[in-house]
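Asker: I need the structure of the sequence given here:
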Amino acid sequence: MVAGGILAPETGDTGRQMNTLAGDNLEAARAEAQETFRAQKSIKSTLDQASIDVILSNARSHYAWLDRPVPDELLHQIYDLTAQGPTSMNTCPARFVFVTSPEGKARLAKSLKAKNVDKMMDAPVTAIIAHDLEFWRQLPFLFPHEDRRPHFEGKAEHSAETAFRNGTLQGGYFMIAARALGFDVGAMSGFSNQIVDEEFFAGTSLRSNFLCNLGYADENALFQKLPRFTFDQACSYA
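Answerer: Reported below is the predicted structural model:
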C-alpha cells in the first residue's frame with residue numbers, strides 16, 4: 001500500500017504465496033544476470049579519477065544553497081539510482097520524504113537545533129532518510145527466492161537492527177547518487193528523531209534516521225576540508 005507517498009506495510013497477512021523462479025526459468029534468469037554483469041565490466045570496469053573526485057574525494061558537505069529548484073524528475077532519478085545499491089536479503093527498508101513545501105519545512109523546523117534551522121530552510125530539498133520497521137512484509141516481492149518473513153516476524157529487535165543498518169546504507173547510497181547526478185548534499189543529525197517521527201510518521205512503522213539537504217550549493221560558504229585518518233590510523237589486518 002502507499003500512504004502519503006510512502007510505501008506502507010500490508011496490514012494483514014498476505015499469505016505465503018511466493019512468486020519464485022524455478023527450474024529452467026531460474027537458470028535463464030541467472031544466466032542473463034551474469035551476462036549483463038560481464039558486459040558492463042567489459043565496457044567500464046572502474047571509474048576514472050575525475051568521477052571518483054565528484055562522488056567522494058573532492059565532494060564536500062554543504063550548508064548554504066543557491067535559490068535554484070530541484071525538479072521532481074531529478075529526485076526520481078536520484079531514488080532510482082539509490083535503489084540499485086545492495087541491502088541484506090534485498091530488504092530495501094529505507095523510505096524517503098522530500099520536504100520542499102513551506103508547510104513541510106515549518107513542521108520539520110520544530111525538530112531542529114537552532115543552528116540548523118536556516119540550513120534546512122534555505123535548501124531546495126531536505127530529505128528525511130527513514131526506514132520501515134516492518135520492511136519484512138514486502139519480502140515476498142523483494143526476495144522471491146524463498147519466504148524469509150519468518151526471520152523477522154515477531155522479532156522486533158532483530159527487525160529494528162536490520163532496518164536501521166540497511167536503511168543507513170541506503171542513505172549513503174542516496175548521497176553518492178545525488179552527487180553523481182550533479183547535486184550537492186549536506187547531511188544533518190542535529191535534530192530530534194522523536195519530533196520528526198511524531199510529525200511525519202505517527203501511526204506508521206516508519207522511523208527517521210537522519211536528514212540530508214540537497215540542491216545546488218553556494219560555494220562561497222565553504223571552508224577548508226577537515227582532516228581524515230590515514231590507512232594506518234584507521235585500518236588493521238586480522
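
Asker: Hmm, residue 216 and residue 184 touching each other?
Answerer: Yes: in terms of Cβ atoms under 8 Å, residue 184 counts as a neighbour of residue 216; the distance is 6.1 Å. C-beta coordinates here come from the backbone N, C-alpha and C atoms, glycine included.

Asker: who touches both of the two?
Answerer: Common neighbours of residue 184 and residue 216 (criterion: Cβ atoms under 8 Å, 6 or more residues apart in numbering): residue 65.

Asker: Of the two, give the one with the bigger neighbour count.
Answerer: Per other Cβ atoms under 10 Å, whichever of residue 184 and residue 216 has more neighbours is residue 184, with 21 against 17.

Asker: give the contact list for that one.
Answerer: Counting by Cβ under 8 Å, 6+ apart, the residues that residue 184 touches are 60, 62, 65, 178, 214, 215, 216, 217.

Asker: Among these, name the ones in strands.
Answerer: 214, 215 (DSSP state E).

Asker: closest to residue 97 among the contacts of residue 184?
Answerer: Distance to residue 97 across the contacts of residue 184 (Cβ to Cβ) is lowest for residue 214, with 12.3 Å.

Asker: how about the closest one, what does it touch?
Answerer: Contacts of residue 214 (Cβ under 8 Å, 6+ apart): 70, 78, 123, 124, 125, 126, 127, 178, 183, 184, 185, 186.

Asker: got the residue ranges for the strands in this protein?
Answerer: Along the chain, counting by DSSP E, strands occupy 2-3, 6-7, 94-99, 125-132, 184-188, 206-215.

Asker: Direction included, what does the longest one pair against?
Answerer: Translated: strand 206-215. strand 125-132 (antiparallel), strand 184-188 (antiparallel) (DSSP bridges).

Asker: Tell me which of those strands approaches residue 168 most closely.
Answerer: The nearest among those, by Cβ to Cβ, is strand 125-132 at 7.9 Å.

Asker: Now do the domain split for this structure, please.
Answerer: 20-49, 59-221 (automatic domain parsing).

Asker: among these, which is nearest residue 234?
Answerer: Ranking these by proximity to residue 234 (Cβ to Cβ) places domain 59-221 first, at 17.1 Å.

Asker: first to last residue in that closest one, what's the distance?
Answerer: 14 Å (Cα to Cα, to the nearest Å).

Asker: rewinding a little: of the contacts of residue 184, buried ones?
Answerer: Taking 16 or more other Cβ atoms under 10 Å as the criterion, what is buried in those is 62, 65, 178, 214, 215, 216, 217.
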